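>>> What would the 3D arrangement of this be:
(one chain, ligands or ions: 1)
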Amino acid sequence: MEIQSGIICTILFLVICGSAVFIGAGCGQKYTSTSTLTLKQAFENDFYVGAALNYDQVAGKDADAIAVVCKHFNSITPENMLKWVKVHPEPDRYDFEAADQFVAFGEKNNMFIVGHTLIWHHQTPFWVFRDKSGNPVDRETLLERMREHIFTVVGRYKGRIHGWDVVNEAVDVDGKLRRTKWLDIIGEDYIAKAFEYAHEADPNAELYYNDYDMYKRGQVRGVIQLVKDLQEKGIRVDGIGIQGHWGLYFPANDELEMTINELAPLGVKLMVTELELTVLPDAFGYRGADISKSFKAQKRLNPYPKSLPGCMHRKLADRYAELFSLFHKNRGLFSRITFWGVHDGYSWRNEWPIRGRTDYPLLFDRQCKPKPAFDAVTKVVQTDK
Ligand code: GLA
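Below is the predicted model of the structure:
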């Protein structure tokens with residue numbers, strides 16, 4: 001009976017996947033990795049390989065994930081633990097419990113620790129922008145709140161957090177500054193101020209600007225303009241984070257190559273900061289990474305609720321290989337590639353931009369086992385070497 005259903009399953013795959021020869025990792029079959037290298041070994045001469053961690057992992061509730069992190073990654077970013085809303089939920093109250101554990105974990109394991117993120121329009125509590133009567137605060141008040149927050153948070157981890165995403169997503173896809181409360185109340189120099197305060201709080205920490213849609217021309221040009229303006233003012237910017245909330249079919253390789261070529265003359269480090277590749281259909285054409293977007297669930301938009309067919313594993317592996325070839329080719333420019341999560345089970349992609357889907361965007365599956373995409377990534381270096 002088992003043999004029969006196995007044969008039926010295999011035939012089904014070959015039919016569904018056309019000419020695909022890959023039949024592992026589907027129909028409940030286990031995939032066995034053939035790589036002899038860990039991720040950090042594979043890219044040890046090139047760039048850090050990082051993962052975003054959530055609190056459950058830091059608190060030891062996801063032991064398998066932590067084993068993967070220790071084995072494969074040499075950099076960590078907190079998924080939410082250092083966001084304003086978590087760390088500074090009320091005017092006179094900071095909560096560093098989770099962030100302290102995160103930093104201690106990174107130190108214990110000798111990792112490059114990234115702080116994410118100081119100034120953003122999302123996940124920042126309302127009180128930051130309002131006075132006690134609920135009216136918007138003035139520029140000086142908001143600047144003082146920003147300064148106090150940055151000094152407290154960056155100061156606490158001085159010399160321990162090695163790089164900070166100082167400002168997140170300040171540029172819109174048309175290249176103009178995004179309309180946010182930071183911009184409305186303080187004005188355009190809020191970005192310069194954030195970088196200045198962060199530098200004062202820890203002069204040795206690297207400081208980054210981080211954004212999504214970094215393959216669209218308007219977006220990239222807006223970010224270049226922003227960084228040039230900061231550089232002309234003598235403000236320290238060490239790197240640009242290219243969020244990688246991408247998919248099997250976007251961005252195109254030449255779009256990314258163009259981005260890299262356009263950013264390179266700025267002379268700052270480049271990093272892919274939030275990499276994952278959704279294998280699911282686009283939510284009604286949306287391909288950005290605005291976390292406030294949310295679309296209605298539909299069965300056809302959740303095609304792999306139980307497992308991912310082998311041909312899709314192959315596609316994911318090929319796509320990851322293409323991207324890592326590009327990163328590796330540009331290894332002189334990239335200082336870090338960070339995945340947004342450790343394994344598929346905990347990826348935000350399962351809930352965004354449509355709730356309750358089953359996605360497979362990372363290199364490790366829900367059991368924390370390496371997927372074909374993992375082997376494809378480590379093979380890139382062996383082939384290039
Ligand atoms: C943005 C932010 C991240 C995270 C992701 C969604 O890219 O920079 O901190 O919130 O969205 O998980």
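
>>> quick one: contacts for Val114?
50, 75-78, 161-165, 273, 336, 338 (Cβ atoms under 8 Å, 6 or more residues apart in numbering). Every C-beta, even on glycine, is put in place using the N, C-alpha and C of the backbone.

>>> Make CSV out of those and add secondary structure, pLDDT and neighbour count.
As requested, the contacts of Val114 are arranged in CSV below (DSSP: H, G, I helix; E, B strand; the rest coil; pLDDT from 0 to 100; neighbours: other Cβ atoms under 10 Å):
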residue, secondary structure, pLDDT, neighbour count
Gly50, strand, 99, 28
Ser75, strand, 99, 23
Ile76, strand, 99, 25
Thr77, strand, 99, 27
Pro78, strand, 98, 27
Ile161, coil, 99, 25
His162, coil, 98, 18
Gly163, strand, 99, 24
Trp164, strand, 99, 29
Asp165, strand, 99, 27
Thr273, strand, 98, 30
Arg336, strand, 99, 26
Thr338, strand, 99, 26
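
>>> So for stretch 210-220, what gets flagged as buried?
Judged by neighbour count using 16 or more other Cβ atoms under 10 Å, the buried positions of stretch 210-220 are 210-216, 219-220.

>>> Ok, stretch 259-278 next?
Buried residues in stretch 259-278 (16+ other Cβ under 10 Å): 259-260, 263, 266, 268-278.

>>> which SS class is the residue nearest the centre of the chain?
Nearest to the mean C-alpha position of the chain, counting by Cα atoms, centre = their mean, stands Glu274 at 1.2 Å. At Glu274 the chain is in strand, as set by DSSP: H, G, I helix; E, B strand; the rest coil.

>>> Run through the residues that contact it.
Counted by Cβ under 8 Å, 6+ apart, Glu274 has contacts 52, 212, 241, 243-245, 289, 338, 340.

>>> Pro281 contacts Gln298, correct?
No. Judged on Cβ atoms under 8 Å, Pro281 makes no contact with Gln298 at a distance of 9.3 Å.

>>> Give me the more crowded residue out of those two.
Pro281 (17 against 12; other Cβ atoms under 10 Å).

>>> Now Arg139: closest residue in space, sequence neighbours ignored.
Nearest residue to Arg139 in three dimensions, chain neighbours excluded: Ile186, at 5.2 Å (Cβ to Cβ, 6 or more residues apart in numbering).

>>> and if you look at Val137?
Asp131 (5.3 Å).

>>> Distance of the residue nearest to Arg139 relative to Val167?
According to Cβ to Cβ, to the nearest Å, Ile186 stands 12 Å off from Val167.

>>> Between the two, which is the more surrounded one?
The neighbour comparison of Ile186 against Val167 (other Cβ under 10 Å) goes to Val167, with 27 against 21.

>>> Quick one: classify that one as helix, strand or coil.
Per three-state DSSP, Val167 ends up strand.

>>> got the contact list for it?
Counting by Cβ under 8 Å, 6+ apart, the residues that Val167 touches are 117-120, 191, 194-195, 209-210.

>>> which residues does it form a beta bridge with?
Ile119, Tyr209 (DSSP bridges).

>>> so what's it scoring on pLDDT?
The score at Val167 is 99. That number is its pLDDT.

>>> In this protein, which residue sits nearest the ligand?
Trp348 (4.0 Å; Cβ to the nearest ligand atom).

>>> do you know how far that residue is from Lys371?
Applying Cβ to Cβ to Trp348 and Lys371 gives a distance of 18 Å.

>>> Any regions of the protein where pLDDT drops low?
Applying pLDDT under 70 to the chain flags residues 1-29, 384-385.

>>> Now do the helices in it.
With helices called from DSSP state H, the chain shows them at 2-16, 39-42, 55-58, 63-72, 84-87, 97-108, 139-156, 181-186, 190-201, 217-232, 253-263, 310-329, 372-384.

>>> I'd like the ones you listed laid out as a markdown table, including distance to the ligand.
Converted to a markdown table, the helices of the chain look like this (distance: least, Cβ to the nearest ligand atom, whole Å):
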| stretch | distance to the ligand |
| --- | --- |
| helix 2-16 | 31 |
| helix 39-42 | 21 |
| helix 55-58 | 14 |
| helix 63-72 | 16 |
| helix 84-87 | 11 |
| helix 97-108 | 14 |
| helix 139-156 | 15 |
| helix 181-186 | 15 |
| helix 190-201 | 15 |
| helix 217-232 | 13 |
| helix 253-263 | 17 |
| helix 310-329 | 17 |
| helix 372-384 | 20 |
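
>>> one step back: so how far is Gly341 from the residue of the chain closest to the ligand?
7 Å.

>>> so what sits against both of the two?
Joint contacts of Trp348 and Gly341 (Cβ under 8 Å, 6+ apart) are Glu79.

>>> Just want to know which of the two has more residues nearby.
Using other Cβ under 10 Å as the criterion, Trp348 and Gly341 rank with Gly341 on top: 26 against 20.

>>> Trp127: how many residues sit nearby?
Trp127: 15 neighbours (other Cβ under 10 Å).

>>> so Gly239 touches Val272, yeah?
No. Assessed by Cβ under 8 Å, Gly239 is found out of contact with Val272, at 11.1 Å.

>>> What does the residue nearest to Ala67 when sequence neighbours are not counted show for phi and psi?
Nearest residue to Ala67, sequence neighbours excluded (Cβ to Cβ, 6+ apart): Cys368, at 7.2 Å. Per-residue torsions, Cys368: phi 70, psi 20 (degrees, to the nearest 10).

>>> Run through the residues that contact Cys368.
64-65, 67-68, 342-343.

>>> And those residues, which of them are buried?
Buried among the contacts of Cys368 (16+ other Cβ under 10 Å): 64-65, 68, 342-343.

>>> ok, which pair from these is furthest apart?
Spatially, the most separated pair among the buried ones among the contacts of Cys368 is Asp64 and Val342, at 9.0 Å (Cβ to Cβ).

>>> and Gly163, bridged to which residues?
Beta-bridge partners, per DSSP bridges, of Gly163: Val114, Glu206.

>>> I appreciate the help and will end here.
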